[in-house]
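Novice: Could you look at this predicted model? Sequence included:
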Amino acid sequence: MFGGIGTFEMMLFGVVALLLFGAKLPEVARNLGGTYRGLKRSVDDFKREFQAIETYEPKSFKQDKQDEPESSESTAPKFSPPVDQDEPMSTESTVPKISPPVDSE
């Protein structure tokens with residue numbers, strides 16, 4: 001539809017811009033350029049974020065298990081309850097017994 005912008009069209013655009021903005025044309029051009037740079041930076045950041053999401057491939061659980069070295073020893077210490085030296089160990093349960101509530105009526 002549009003064949004491109006030629007020399008005549010560029011000159012016409014420059015004259016119209018000069019008539020509209022006059023002495024403020026450099027300031028308007030700086031603001032327009034800054035806006036364009038900010039928009040381009042935002043679009044590039046957005047693209048980079050989605051490329052990072054597309055390239056992320058989580059390992060499956062099977063792969064994680066295969067990567068770990070097999071060892072017969074456990075790395076975590078085993079839990080043993082503390083022994084009170086003053087009291088001999090009893091075979092009874094150490095869970096306190098709870099009495100039923102008493103009605104005051």
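Specialist: On my side now, so go ahead. Residues are numbered from 1 along each chain as shown.

Novice: helix or strand for the closest residue to residue 18 other than its chain neighbours, which one?
Specialist: Of all residues not flanking residue 18 in the chain, residue 25 sits nearest, at 6.2 Å (Cβ to Cβ, 6 or more residues apart in numbering). No exception for glycine: its C-beta is placed from N, CA and C like everyone else's. Residue 25 is part of helix 25-55, with elements assigned from DSSP states H and E.

Novice: wait, isn't the residue nearest to residue 18 in contact with residue 16?
Specialist: No - between residue 25 and residue 16 there is no contact under Cβ atoms under 8 Å: 11.1 Å.

Novice: Looking at these two, which one has more neighbours?
Specialist: residue 25 (14 against 10; other Cβ atoms under 10 Å).

Novice: so what pLDDT did the more buried one get?
Specialist: pLDDT for residue 25: 88.

Novice: Ok, residue 62 next?
Specialist: Confidence for residue 62, expressed as pLDDT, is 54.

Novice: Equivalent analysis for residue 33, please.
Specialist: 95.

Novice: With the one 5 residues further on instead?
Specialist: Taken from the predicted model, the pLDDT recorded for residue 38 is 96.
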